[in-house]
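J.: Below is the structure, and that's it, no one-letter string:
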């Protein structure tokens with residue numbers, strides 16, 4: 001079955017008969033003018049019958065070349081069958097803390113940038129698993145629904161910043177509930193959440209949210225970002241210049257440090273694991289390796305058409321016709337019989 005990658009380009013084929021008609025019209029007008037200004041007896045001398053005109057053949061080659069170019073540009077391809085592709089894996093949602101404390105630089109280059117780097121590494125290691133992204137601070141937001149399109153997930157990750165959410169704070173329970181709601185209904189098992197934060201939270205509903213995740217078969221892995229010593233939170237202007245450090249209501253500079261207890265509690269309730277960035281080598285890899293030990297689910301079967309691309313064939317034909325049109329002379333001398 002023939003199909004086209006860019007079928008809209010085929011509209012250019014309509015130009016061929018239009019140009020052909022215009023060419024014939026112009027040729028007719030030229031011939032008429034010639035007959036008006038040249039005596040009929042002179043025409044055989046200017047255009048002797050011993051020379052056969054090849055002008056028409058040159059035009060045909062030019063038109064054929066243009067036609068082949070259009071077909072090549074349209075991405076003409078030949079279908080050769082269908083192939084079933086079945087994927088097995090887990091659904092993994094990364095919930096990333098975007099609160100202002102994640103701007104602290106006790107982890108280089110900052111807590112947030114290092115966290116995003118770790119998530120990029122996770123995406124690069126995925127093998128058939130689907131991934132989603134949750135952005136959270138005082139509220140949570142589904143940044144990227146569950147997908148196997150890792151390139152799209154990476155692009156959505158780049159957009160995540162501390163200015164993305166209007167409400168500040170660290171709402172773990174809201175993030176966990178949003179993640180649980182984001183898992184597809186058909187997936188009753190094989191679900192994991194990776195919650196990345198500096199752990200500063202003062203909510204009372206964390207345990208209830210973690211219990212919900214556990215009852216729905218979701219395992220939560222937590223990754224603590226920051227140091228126990230802590231760091232200040234830089235404040236930048238619109239041009240990205242450092243202007244101050246975040247202060248409390250008494251104008252004192254705030255120091256933010258990693259709070260591990262809540263993160264450990266969440267992981268414990270759901271039979272997950274807690275890791276601290278910097279304390280374990282490649283923590284995101286350790287989390288993913290632990291996820292891989294679980295059973296894999298089979299996702300919905302996808303069918304992909306197998307095609308043989310034909311554009312190169314038409315591109316070569318276009319070049320051949322173009323070169324032929326260029327090399328053909330305007331006329332050749334006829335062989336005349338003697339005697």
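T.: That came through, no problem. What you are looking at is a predicted structure, and each value in this text was computed from that prediction instead of being measured.
J.: mind listing the strands for the stretch 201-339 of the chain?
T.: Taking DSSP state E, counting those that start in this stretch as the criterion, the stretch 201-339 of the chain contains strands spanning 218-224, 231-232, 234-236, 242-245, 255-256, 274-276, 297-298, 302-309, 331-333.
J.: And the ones you listed, which one averages the lowest pLDDT?
T.: When the strands of the stretch 201-339 of the chain are compared by mean pLDDT, strand 297-298 comes last with a mean of 54.
J.: Local confidence estimate at the closest residue to residue 211 other than its chain neighbours?
T.: Nearest residue to residue 211, sequence neighbours excluded (CB to CB, 6 or more residues apart in numbering): residue 269, at 6.3 Å. In short, each C-beta sits where N, CA and C put it, glycine included. Model confidence at residue 269, expressed as pLDDT, equals 94.
J.: Give me the number of neighbouring residues for residue 269.
T.: Other residues within reach of residue 269, judged by other CB atoms under 10 Å, total 18.
J.: got the contact list for the helix ranked longest in the chain?
T.: What stands out as the longest helix in the chain, according to DSSP state H, is helix 15-37. Around helix 15-37, the neighbours that count as contacts under CB atoms under 8 Å, 6 or more residues apart in numbering are 43, 59, 63, 66, 67.
J.: Check those for burial and list the buried ones.
T.: Buried members of the contacts of helix 15-37, counted by 16 or more other CB atoms under 10 Å: 59, 63, 66, 67.
J.: Kindly reformat those as a markdown table and extend each row with pLDDT and distance to residue 142.
T.: What follows is those, written out as a markdown table (pLDDT from 0 to 100; distance: CB to CB, whole Å):
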| residue | pLDDT | distance to residue 142 |
| --- | --- | --- |
| 59 | 84 | 60 |
| 63 | 88 | 55 |
| 66 | 90 | 50 |
| 67 | 91 | 49 |
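J.: Let me see the ranges of the helices in the chain.
T.: 15-37, 43-46, 55-73, 111-125, 150-158, 172-182, 206-215, 260-269, 283-292, 311-327.
J.: Show me the one of the ones you listed that comes nearest residue 196.
T.: Closest to residue 196 of those, according to CB to CB: helix 111-125, at 4.9 Å.
J.: Show me what the closest one is packed up against.
T.: strand 91-97, strand 130-136, helix 150-158, strand 191-197, helix 283-292 (3 or more CB pairs under 8 Å, 6 or more residues apart in numbering; DSSP states H and E).
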